[in-house]
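Trainee: Model the following, please.
(one chain, ligands or ions: 2)
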Amino acid sequence: MSDRAGVLLPGAWLGLLGGGQLGRMFAMAAQSMGYRVAVLDPGGDSPAGTVADRHLRADYLDPEGLRTLADLCHGVTTEFENVPARALEFLAAHCRVSPAAEAVAIAQDRAREKAFVRSCGIATAPYLEVNDARDIDNASAALFPGILKTSRLGYDGKGQVRVADRAEARAGFEKLGRVPCVLEKRLPLEREVSVIVARGANGEATTYPVAENEHAHGILDMSIVPARVSPAVAGRAREAALAIVQGLRYVGVLCVEFFVLPGDELVVNEMAPRPHNSGHYTIDACVTSQFEQQARVLAGLPLGSTEQLRPAVMVNLLGDLWKSGEPDWARVLAHPGAKLHLYGKKEARPGRKMGHVTCLGATLDEALATARALRTELGFETR
Ligand code: ADP
Ligand code: MG
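Mentor: Ligands and ions are numbered 1, 2, ... in the order given. Here you go, the predicted structure:
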């Protein structure tokens, strides 16, 4: 299935570590190009496992599961950043793996991630690594008010405490279990934006249009694309994302999240070594989706165009919407520009990502109007 240039042709098996919705959308994109997809995931009814051509139901470090995946597949990718580095290393000894364990290890650790971003000449919030209560005693007063974040395993606002002063930071460090943290200065955010970037093994790299992200209760709520920032800010964000993947020699799809501060100052917040929720709009609005791009990179194919064809607003559908039963999808789809994506999760829990709707418009205002109308119809909290 592989020619001399190392291209995995359609028909080949592509492997995926992780069974969530990002994996499901990867599998669907790869399958529509003719690939076969094997998913390694311990869960039963996982969103990706149910659409995969083969679901290897095993733990990520299960030697037998990993060996079967390595024997079956010519290339393996991931859909979540906390995949054990040892699993990637094992697989890399047998087949093509992207992203590489080292890049994933940097993105898994906020302290390493921030240091790396700065080493690329790109700004982050002022921060301090906190490994010990004494680090807080010695922290500069300029870091307060701040946010204490665990270096590892945080997501959707979990593993963070807002701290007004040194005393609260000490208490916060205790509350977080004295695990390694970063203490970050709290910044005045004008907007949050993100850039999806893809880089192939040959160094070819490309960025997508900048998404503007609104969060609710620490979880992404809407992505508005193109972001309402100046062309200069958008250009700098895309340049920074390129510098990061080139610096990491990254192979795959990655998301960089930024804060836009007063005066159009731009700082990197964090990155995710995989496709990202804020890039879901690419499925319906761009020539090549972030998931097709992930498959292309893994297969060693040329990257596809990232051009955006229509303005888009992506609305996340969380489990909260199911509190009085299945939402009225016919009503959502009565908006001709609304594209519904559901992840096939059986149980709707509050805060759980169940699906998303991408609203397309001839203009961004039109897409926003559709998003607002369907949010009201679905009974979203008014904000
Ligand atoms: P997560 O891994 O949970 O996404 P983030 O570091 O992105 O963690 O933080 C979650 C949210 O908290 C951000 O999207 C932003 O709204 C807010 N936030 C994080 N860091 C800062 C900061 N330094 N200043 C102001 N707000 C912040
Ligand atoms: Mg974040």
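Trainee: what does the stretch 251-383 of the chain put close to ligand 1?
Mentor: 257, 269-270 (C-beta under 6 Å from any ligand atom). (Each C-beta comes from the backbone N, C-alpha and C, glycine too.)
Trainee: any idea which of the residues you listed is closest to Asp284?
Mentor: Glu257 (21.6 Å; C-beta to C-beta).
Trainee: Which strand residues bridge that closest one?
Mentor: Ser194, Glu270 (DSSP bridges).
Trainee: close enough to count as contact, it and Val268?
Mentor: Yes. Counting by C-beta atoms under 8 Å, Val268 is a contact partner of Glu257 at 7.3 Å.
Trainee: still on that earlier bit, among the residues of the stretch 251-383 of the chain next to ligand 1, name the buried ones.
Mentor: 257, 269-270 (16 or more other C-beta atoms under 10 Å).
Trainee: Please convert the residues you listed to JSON lines, extending it with pLDDT.
Mentor: Listed next are these as JSON lines, based on pLDDT from 0 to 100:
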{"residue": "Glu257", "pLDDT": "98"}
{"residue": "Asn269", "pLDDT": "97"}
{"residue": "Glu270", "pLDDT": "95"}
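Trainee: center of this structure, which residue is that?
Mentor: With distances taken as C-alpha atoms, centre = their mean, the chain has His276 as the residue nearest its mean C-alpha position (2.5 Å).
Trainee: and that one, what does it touch?
Mentor: In this structure, His276 makes contact with 22, 194, 196, 255, 290, judged by C-beta atoms under 8 Å, 6 or more residues apart in numbering.
Trainee: Please read off the pLDDT at it from the model.
Mentor: pLDDT recorded at His276 is 98.
Trainee: Return the member of the contacts of His276 nearest to ligand 1.
Mentor: Ligand 1 lies nearest to Ser194 out of those, by C-beta to the nearest ligand atom, at 9.7 Å.
Trainee: Can you get me a residue count around the closest one?
Mentor: A total of 28 residues lie near Ser194 under the criterion other C-beta atoms under 10 Å.
Trainee: what pLDDT, on average, does stretch 306-317 get?
Mentor: 98.
Trainee: CA atoms only: put it into PDB for me.
Mentor: Provided in PDB are the C-alpha atoms of stretch 306-317 (Å, rounded to 0.1, in the frame of the first residue of the first chain):
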ATOM      1  CA  THR A 306      -7.200  25.700   3.700                       C
ATOM      2  CA  GLU A 307      -9.200  28.300   1.900                       C
ATOM      3  CA  GLN A 308     -12.500  29.200   3.700                       C
ATOM      4  CA  LEU A 309     -15.400  29.200   1.300                       C
ATOM      5  CA  ARG A 310     -18.100  30.800   3.500                       C
ATOM      6  CA  PRO A 311     -18.100  32.700   6.800                       C
ATOM      7  CA  ALA A 312     -19.000  30.300   9.600                       C
ATOM      8  CA  VAL A 313     -20.100  30.100  13.200                       C
ATOM      9  CA  MET A 314     -19.700  26.800  15.000                       C
ATOM     10  CA  VAL A 315     -22.000  26.200  18.000                       C
ATOM     11  CA  ASN A 316     -21.100  23.400  20.500                       C
ATOM     12  CA  LEU A 317     -24.000  21.200  21.600                       C
END
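Trainee: Buried residues, the lengthiest helix in the chain. List them.
Mentor: Using DSSP state H to define each element, the chain has its longest helix at helix 231-248. Of all the residues in helix 231-248, those buried under the rule 16+ other C-beta under 10 Å are 233-234, 236-238, 240-245, 248.
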